[in-house]
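Novice: one predicted model, sequence on top.
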Amino acid sequence: SMPNKNALTIGLIPADGIGREVIPAASRVIEAVLPSSVKLNFVHLDAGFELFQKTGVALPEATVKACLDGSLDGAMFGSVSSPSHKVEGYSSPIVALRKKLDLYANVRPVVTPVGASGKAIDMVIVRENTECLYIKSEKIEKNADGTRTAYATRKISETASRRIATMAFNIALKRGQVRQNSASLPLVTVVHKSNVLSITDGLFREVCLDVFKNGAEGAFAAKTRMDEQLVDSMVYRLFREPHKFDVCVAPNLYGDIISDGAAALVGSLGVVASANVGDTFCIGEPVHGSAPDIAGKGIANPIASIRSASMLLSHLGWNAEAARMDAAVDKVLVEHADLLTPDLGGKGTTDGVTAAVLKYL
Ligand code: ATP
Ligand code: MG
């Protein structure tokens with residue numbers, strides 16, 4: 001969609017821990033990359049476990065309202081601390097936001113920087129975010145012999161499968177358009193286990209195939225390719241030859257597992273970005289948590305958040321600006337090992353890395 005090129009309003013929800021350090025860093029980069037003619041407006045919004053401890057509310061109504069009432073173009077979320085034990089009345093604000101805004105996809109690029117040595121990894125995992133085993137329908141029964149048996153119900157719907165597959169193929173189309181070397185069409189790998197779970201994963205697979213064949217008035221079939229991997233073989237291949245993957249689409253649980261595994265291939269949690277995407281809203285969010293061990297020390301890696309901000313801008317149609325942000329981040333990663341934060345083996349700081357990215361912009 002064509003963005004409104006005159007104004008941009010972005011909600012900032014730093015939440016807990018290093019979220020308060022890396023979200024301001026990302027907002028400085030957004031500010032620097034946009035043309036000065038754009039009226040940029042940041043709206044600061046509260047959420048988090050620390051807020052809950054102070055006020056008894058983890059996700060204020062005002063934060064939800066701002067995301068729902070059309071006043072924001074999109075938002076950035078930092079990170080929430082997860083209490084180590086169950087706290088009465090508390091539930092995760094980002095999980096609640098995803099639900100309330102129907103952000104049904106978690107999109108996670110896994111990339112090595114352009115210019116780095118070795119084979120380039122450039123893949124994106126599109127994870128269904130609303131169903132599968134995460135509907136949390138469990139029960140436990142006592143058997144005649146006194147032992148217990150526990151069950152979990154897994155939900156796979158045609159509707160949720162169709163919309164996640166459509167998003168994955170749309171992402172593939174977009175990657176095909178910007179690809180310099182268009183020798184081969186973008187590839188969508190459908191991850192499932194339909195040899196065992198023939199009904200649930202069978203449905204997911206069938207819908208993905210149908211979206212490929214018939215979706216977007218034939219554009220997916222004409223301009224992308226599709227293949228499939230059983231999730232076990234997917235993990236094997238991901239570790240052996242990650243450079244061969246392009247777009248992967250998966251039900252919730254498999255997506256969770258392969259995306260954390262894939263993150264380990266590219267260095268640190270501190271560089272892995274994500275976007276929570278629905279049909280009407282998008283929230284950029286670094287994959288890492290609140291990192292209480294380093295919070296407040298000024299050494300959190302801001303790159304995951306800067307890349308998440310780039311995903312948000314790209315989602316909103318600011319593609320050239322997003323590409324410039326990514327290129328600046330890659331330059332810092334490849335050419336300034338001295339400036340990088342300790343998670344990447346350096347002695348640098350959040351501010352130092354951010355300043356270097358700003359310099360390259
Ligand atoms: P949470 O409960 O919020 O998830 P956590 O202790 O699991 O907290 P994570 O944020 O998941 O913390 O991080 C796991 C490890 O990775 C920690 O040692 C943390 O310091 C490190 N880490 C995570 N993000 C970053 C970052 N942006 N920069 C540097 N180190 C990071
Ligand atoms: Mg964690």
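Specialist: Now that the structure is in, tell me what you want to look at. Ligands and ions are numbered 1, 2, ... in the order given.
Novice: the nearest residue to residue 288 once chain neighbours are set aside: how many residues sit nearby?
Specialist: Closest residue to residue 288 apart from its sequence neighbours, by C-beta to C-beta, 6 or more residues apart in numbering: residue 269 at 4.1 Å. Any C-beta I mention is one placed from the backbone N, CA and C, and that applies to glycine too. Residue 269: 17 surrounding residues under other C-beta atoms under 10 Å.
Novice: now do residue 344
Specialist: Neighbours around residue 344, by other C-beta under 10 Å: 17.
Novice: residues contacting it?
Specialist: 267, 268, 270, 271, 301, 333, 337 (C-beta atoms under 8 Å, 6 or more residues apart in numbering).
Novice: the residues you listed also near ligand 1: which ones?
Specialist: 270, 301 (C-beta under 6 Å from any ligand atom).
Novice: pull the most distant pair out of the contacts of residue 344.
Specialist: Maximum pairwise distance among the contacts of residue 344 (C-beta to C-beta): 14.3 Å, between 270 and 337.
Novice: and the strands in the protein, which stretches?
Specialist: Using DSSP state E, the strands of the chain run over 7-15, 39-44, 74-79, 105-111, 122-128, 132-142, 148-155, 187-192, 225-230, 247-250, 273-277, 282-286.
Novice: mean neighbour count added to those, as TSV?
Specialist: Converted to TSV, the strands of the chain look like this (neighbours: other C-beta atoms under 10 Å):
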stretch	mean neighbour count
strand 7-15	21
strand 39-44	14
strand 74-79	26
strand 105-111	24
strand 122-128	24
strand 132-142	12
strand 148-155	11
strand 187-192	24
strand 225-230	17
strand 247-250	28
strand 273-277	26
strand 282-286	28
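Novice: which residues does the residue of the stretch 151-300 of the chain found nearest ligand 1 contact?
Specialist: Nearest residue of the stretch 151-300 of the chain to ligand 1 (C-beta to the nearest ligand atom) works out as residue 289 at 2.1 Å. Contact analysis of residue 289 by C-beta under 8 Å, 6+ apart lists 17, 79, 80, 81, 82.
Novice: now swap in residue 253 and tell me
Specialist: 132, 133, 134.
Novice: go again with 10 Å.
Specialist: Counting by C-beta atoms under 10 Å, 6 or more residues apart in numbering, residue 253 touches 127, 128, 131, 132, 133, 134, 154, 193, 231.
Novice: so what's the residue count around the last one?
Specialist: For residue 231, the count of nearby residues is 19 (other C-beta under 10 Å).
Novice: any idea how far the closest residue to it other than its chain neighbours lies from residue 197?
Specialist: Distances taken as C-beta to C-beta, 6+ apart place residue 254 nearest to residue 231, at 4.6 Å, with adjacent residues excluded. Here the criterion is C-beta to C-beta, to the nearest Å. By it, residue 254 lies 11 Å from residue 197.
Novice: ditto for residue 232
Specialist: According to C-beta to C-beta, residue 232 and residue 197 sit 12 Å apart.
Novice: pick out whichever of these two has more residues nearby.
Specialist: Ranked by neighbour count (other C-beta under 10 Å), residue 232 and residue 197 place residue 197 first, with 16 against 12.
Novice: tell me who's in contact with residue 51.
Specialist: For residue 51, the contact set (C-beta under 10 Å, 6+ apart) comprises 15, 16, 57, 58, 59, 60, 63, 80, 93.
Novice: number of nearby residues for the residue in the stretch 51-200 of the chain that ligand 1 sits nearest to?
Specialist: Residue of the stretch 51-200 of the chain nearest ligand 1, by C-beta to the nearest ligand atom: residue 82 (3.9 Å). Neighbour count for residue 82, taken as other C-beta under 10 Å: 13.
Novice: middle-most residue in this protein, spatially?
Specialist: Central residue of the chain (C-alpha atoms, centre = their mean): residue 274, 1.9 Å from the mean position.
Novice: and the pLDDT at that residue?
Specialist: Looking at residue 274, its pLDDT stands at 97.
Novice: touching, it and residue 310? I think so.
Specialist: No - Residue 274 lies out of contact with residue 310 (C-beta atoms under 10 Å); the separation is 11.7 Å.
Novice: list residues touching both of the two?
Specialist: With C-beta under 10 Å, 6+ apart as the test, residue 274 and residue 310 both reach 109, 284.
Novice: on that earlier part again, from residue 356, how far off is the residue of the stretch 151-300 of the chain closest to ligand 1?
Specialist: Residue 289 sits 25 Å away from residue 356, going by C-beta to C-beta.
Novice: what do residue 254 and residue 197 both touch?
Specialist: What both residue 254 and residue 197 touch, as defined by C-beta under 10 Å, 6+ apart, is the set residue 204.
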